[in-house]
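S.K.: generate coordinates for the sequence data below:
(one chain, ligands or ions: 2)
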Amino acid sequence: MKVLGIESSCDETAASVVEIDGADNCRLITNVVASSMDLHAQFGGVVPEIAARSHIESIMPVIDEAVQSVDWDDIGAIAVTKGAGLGGSLLVGVMTARTLAINKNKPLYGVNHVEGHIYANFINSLSTPLLADYTLPNSQPVFPMLGLIVSGGHSQLVLWRDHFDYTLLGRTQDDAVGEAFDKVAKITGLPYPGGPSVSKKALDGDAFAFNLPKARMEGKYDFSFSGLKTAVLRHAQEMCGKDFTFPSKMLPDSLSEAQKADISAVFQRVAIETVVDKTVMAFDEYSPASVVIGGGVASSPELRRQLADRLPIEVHYQDAKLMTDNGAMIATLAAFTATRGRPADDPYKLAIQPNLSM
Ligand code: KG4
Ligand code: ZN
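M.R.: Ligands and ions are numbered 1, 2, ... in the order given. Have a look, this model is predicted:
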């Protein structure tokens, strides 16, 4: 069964076709992503109105490209992100998917973006040579599966006993981990998005040059990153010999390159330790058969290094192009939903859920 997946929850307009077979193998057939990231860079974060307008411009060309090599008659279902995400952005994807489902007479599945990030790990084969530059894992995750979702909007730790049978163990109580990287980049004057730029700068720094506090949470598996971000700000002001009244926008010109590198390295170590500590604790408590990570921050080499150091089993990763927002993860989750006979959504009624949780 082939599924068209549509994603528009944040700043990526994406569409993809994935095929699932009777043995649950998932083959990536096409994967098209248009990003409005460059338009947001000057603001240091995603501007919702700009993102929504970009989705309107890109969505049909992106879908057309994704289905170009596929016969519409072969598409068994249409999937779309219904939440969580930015309201205006989600609306563009959901209304487009609803219209297509009615027009092409296909079942429609509205899916949860955060679950989708984990399902990207089930894609295990490719339609070559179109996608020759993808490197996929050579096996699919097995249950029970511990999933860590770390992105610009989400930080969640989830235990799946089987498909659609899961427990949310913990989540961030304030900022997402990727958001903290983006804010630290702003403090140090590094380019947006902060994850890759802080990661790169950290290579020149000393991760133990100083220490930063980790939040103590009431929920055993919950996270918090807003205190860490403030601690970075205070430390940066101190490094410049200033107090907390010193405006943060003057920090990039006041800090030396060596100081920026140390801040990046220490922050990255502590932020990643925060999620890895909880992942290791959950692993010890639940003994999952696989550990799977998803979301933009899953591309972090520091995250992969710390997990490999501290877990006794290998962690499942996907190709970086399938870790950040894409339509394939949405199509894959819907493919499992459809093949397990779960009900489709009403194309006349499917609504966006900007605050959808797990
Ligand atoms: O999953 P994603 O594309 O979008 C959301 O659903 O949020 O994740 C984007 C986030 C950004 O915050 C970006 O800074 C972060 O992923 N990111 C990284 C790295 N690459 C991307 N964070 C840390 N280290 C990286 N190498
Ligand atoms: Zn995402």
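S.K.: what is the neighbour count of the residue of the stretch 151-300 of the chain found nearest ligand 2?
M.R.: Among all residues of the stretch 151-300 of the chain, Ser151 sits closest to ligand 2, at 4.3 Å; criterion: Cβ to the ion. In short, each C-beta sits where N, CA and C put it, glycine included. Per other Cβ atoms under 10 Å, the neighbour tally for Ser151 reads 24.
S.K.: just the one 5 residues further on next, same as before
M.R.: Other residues near Gln156 come to 27 when the count uses other Cβ under 10 Å.
S.K.: pretty sure it sits in a helix.
M.R.: No. Gln156: not assigned to a helix; according to DSSP: H, G, I helix; E, B strand; the rest coil it is strand.
S.K.: who does it bridge with?
M.R.: Ile149, Arg171 (DSSP bridges).
S.K.: quick one, what contacts it?
M.R.: By Cβ atoms under 8 Å, 6 or more residues apart in numbering, the residues touching Gln156 are Val114, Gly147, Leu148, Ile149, Leu168, Gly170, Arg171, Thr172, Met358.
S.K.: so it versus Asn112, what's the distance?
M.R.: Between Gln156 and Asn112 the computed distance is 11 Å (Cβ to Cβ, to the nearest Å).
S.K.: which neighbours do the two share?
M.R.: In contact with both Gln156 and Asn112: Met358, using Cβ under 8 Å, 6+ apart.
S.K.: how about the secondary structure of Ala77?
M.R.: Ala77 ends up strand, using three-state DSSP.
S.K.: apologies, that question was intended for Ala15.
M.R.: strand.
S.K.: residues near it, how many?
M.R.: Counted with other Cβ under 10 Å, Ala15 comes out at 34.
S.K.: list the contacts of it.
M.R.: Listed by Cβ under 8 Å, 6+ apart, the contact set of Ala15 reads 4-7, 30, 32, 59, 62-63, 65-67, 327.
S.K.: hmm, back to that, got a PyMOL select line for the buried ones in the contacts of Gln156?
M.R.: Provided next is the PyMOL selection string for whichever of the contacts of Gln156 are buried by 16 or more other Cβ atoms under 10 Å:
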select buried, resi 114+147+148+149+170+171+172+358
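S.K.: need the phi and psi values for the spatially most central residue of the chain.
M.R.: Residue closest to the mean C-alpha point of the chain, counted by Cα atoms, centre = their mean, is Gly295 at 2.3 Å. Taking degrees, to the nearest 10, you get phi 100, psi 160 for the backbone angles of Gly295.
S.K.: lovely, talk soon.
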